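Chemist: Build the 3D model from these lines:
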Amino acid sequence: MSTVTTDSPTGPTEPSLTAPPNVTPLRTAHQGLQLAWRSVLKVKANPEEVLGLILQPVMFVTLFVFVFGQAMMGDWQAYRDFLMPGIIAQSVIFATLGTGFSLSQDVEKGIFDRFRSLPIARSAPLVGAILGDLVRYTITVVMVLVVGLAIGFRPEGGALGVVAAGALILLFAFALCWMSAFVGMIVRTPMSVQAFGMILMFPLTFGSSAFVAPESMPSWLQTVAVNNPVSHVIDAMRGLMVGGDVAGPLLWTLVWTAIITAVFFPLAAWAYRRRT
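Modeler: Have a look, this model is predicted:
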């Protein structure tokens, strides 16, 4: 008797699920938007997170306006109008830490291992997580504004100025998301992400024009505050909401947004591929 043998095929017998065919930027964006809805549903499914998004602005506005307002300007109403753009920016910037924290949690729980078994673009889960977090930041902006209006804040720029200022801080937050995502991918535990992120964000926010004018700071700190990217975005928001120079700070904000995105988007994508 003779045995009949057949050669095994030289190519793969089934398509690779980790590298689906026909991956295009448009398809990746569509898949990212679908996964962004997952992030939105996570907020809906966690009432305590929504409660935090509501209570944090109330706490920040109340403490800074009523505790420090009299000491800073001798008039808490005047300090309220100066402070509101800074409080909005600070609240959103701190909220971007949640991006890295959430990504690190998902990696720990093996969520991204499940995503790799799906016929989707490799970067779609990362894009979806960041787009979904923009919804959280929008809630933060709205809540700070509601608290400010409740204590008498009336922006001279009107609704258009408020919307433009909100869009500007969300654009800047989108850039910071990539920084947060990079930290979330290179730091091993979610708690370490939060600790390391605070080390980065505290100097950016408190060493800016958010709470006091740079002119009142020591000379060395004034130099830092004037060149701080957070100062530029806050000054642009302040100009849009309550009046003042807009063109210069706005241009610098767009430049810093482009720089931060250009640096940390590829770094976050590299760290994401390496970690997952």
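Chemist: Surely Val92 is in contact with Thr140?
Modeler: Yes - between Val92 and Thr140 there is a contact at 5.4 Å, judged by Cβ atoms under 8 Å. To be clear about C-beta, it is placed using only N, CA and C from the backbone, and glycine gets the same treatment.
Chemist: The strand or helix carrying Met185 - contacts with which helices or strands?
Modeler: For Met185, the enclosing helix or strand under DSSP states H and E is helix 158-186. Here helix 158-186 touches helix 76-95, helix 97-109, helix 124-150, helix 190-206, helix 229-242, helix 247-275, going by 3 or more Cβ pairs under 8 Å, 6 or more residues apart in numbering; DSSP states H and E.
Chemist: Disregarding residues adjacent in the polypeptide, which is nearest to Pro214?
Modeler: With sequence-adjacent residues excluded and distances taken as Cβ to Cβ, 6 or more residues apart in numbering, Pro214 is closest to Ala225, at 4.0 Å.
Chemist: now Ile120
Modeler: Nearest to Ile120 is Gln31, by Cβ to Cβ, 6+ apart, at 4.8 Å.
Chemist: quick revisit: which element is the residue nearest to Pro214 on?
Modeler: In the assignment (DSSP H and E), Ala225 maps to helix 219-226.
Chemist: For that helix, which helices and strands make contact with it?
Modeler: Packing partners of helix 219-226 (3+ Cβ pairs under 8 Å, 6+ apart): none among the helices and strands.
Chemist: doesn't Ser123 make contact with the residue nearest to Ile120?
Modeler: No - using Cβ under 8 Å, Gln31 is not in contact with Ser123, being 9.0 Å away.
Chemist: which of the two has more neighbours?
Modeler: Between Gln31 and Ser123, counting by other Cβ atoms under 10 Å, Gln31 is the more crowded of the two (21 against 16).
Chemist: Could you look up the next helix or strand downstream of the host helix or strand of the more buried one?
Modeler: Element membership of Gln31, judged by DSSP H and E, is helix 25-45. Once helix 25-45 ends, the next helix or strand along the chain (criterion: DSSP H and E) is helix 47-62.
Chemist: Next, the buried residues of that following helix.
Modeler: Using 16 or more other Cβ atoms under 10 Å as the test for burial, helix 47-62 gives 53-54, 56-57, 60-61.
Chemist: what's the angle between that helix and helix 25-45?
Modeler: Computed by axes from the mean of the first three to the mean of the last three Cα atoms, to 10 degrees, the angle separating helix 47-62 from helix 25-45 equals 80 degrees.
Chemist: Run through who's touching the helix or strand following helix 47-62.
Modeler: Using DSSP H and E, the next helix or strand after helix 47-62 towards the C-terminus is helix 69-73. Here helix 69-73 makes contact (Cβ atoms under 8 Å, 6 or more residues apart in numbering) with 75-80, 82-83, 211-212.
Chemist: picking up where we left off before, report the buried residues of the helix holding Met185.
Modeler: Within helix 158-186, the residues that count as buried by 16+ other Cβ under 10 Å are 161-162, 164-166, 168-169, 172-186.
Chemist: any idea of the mean pLDDT in that helix?
Modeler: Across helix 158-186, the average pLDDT comes to 93.
Chemist: Please apply the same query to stretch 233-242.
Modeler: On average, stretch 233-242 scores 95.
Chemist: buried stuff in that stretch?
Modeler: Using 16+ other Cβ under 10 Å as the test for burial, stretch 233-242 gives 233-242.
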